Every structure is written in structure tokens, then in C-alpha cells.
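Student: need a 3D model of the sequence below.
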Amino acid sequence: MQYIADSWQRFAACKGPHADLFYPPNTVERREERARREADAKSICAECPVIQECLEHALSIGETYGIWGGKSEVERRVLLDQRNKRMRKLD
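Tutor: Numbering: from 1, shown residues only. You can find the predicted model right below:
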């Protein structure tokens, strides 16, 4: 088991009272509300000292929810698709 104290996560800017911005609520969220929440989360990511580690972690585990490394679920899926296409070209 990896402990937060021993990893990049302890330096993450998303920790704290605003952590709920990074995941959709359990209730219905209107498109405008989602866009605003995600923009707020991404602005926190933009200042994060471990944004790249966070993104790589999310990509490596196939994280399907929330904002990770400044990227949404859809944006991470696009990144993975691009990586996969590049890898197929190298084969």
C-alpha cells in the first residue's frame, strides 16, 4: 500500500476544502455548472507542483472520473488514444 506521505500526492494542490471540485456531484449537474466546476478545478491544477505526476498516475491506472492532472475524463481518453496510435505506428 502506498501512503500519501510517501508520494507526490502529498504535494497536490487539490487537497483540502475545494477537493469536491474535482469530481462530479452525486446529483444532476447542469452543463454550465459542470463547465464552471471543471474550470475551477483546472485553475487549481494549473498552479499545482505535481500536475504531471498526477496526470501520469491517472493515465496509468485508467482513471475514468474527475479532473486529474488538469484533464477531464474525455481529455484523458483523447491523450490515451493519441499515445496508442503513436505506439502502433512504432510497431
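
Student: and the residue nearest the centre of the chain?
Tutor: W68 (0.8 Å; C-alpha atoms, centre = their mean).

Student: residues in a beta bridge with that one, which ones?
Tutor: Partner residues in beta bridges with W68, using DSSP bridges, are K71.

Student: surely it meets L55?
Tutor: Yes: here W68 reaches L55: they are 6.1 Å apart, a contact under C-beta atoms under 8 Å. Placement of C-beta: from N, CA and C, glycine included.

Student: who touches both of the two?
Tutor: Applying C-beta atoms under 8 Å, 6 or more residues apart in numbering, one finds that W68 and L55 are jointly contacted by R76.

Student: one step back: ok, now which ones touch the residue nearest to the centre of the chain?
Tutor: With contacts defined as C-beta under 8 Å, 6+ apart, the neighbours of W68 are F22, C54, L55, H57, A58, R76.

Student: recalculate using a threshold of 10 Å.
Tutor: Contact partners of W68, counting by C-beta atoms under 10 Å, 6 or more residues apart in numbering, are 12, 14, 22, 41, 45, 51, 54-59, 61, 75-76.

Student: one more: V78?
Tutor: Listed by C-beta under 10 Å, 6+ apart, the contact set of V78 reads K71, S72.
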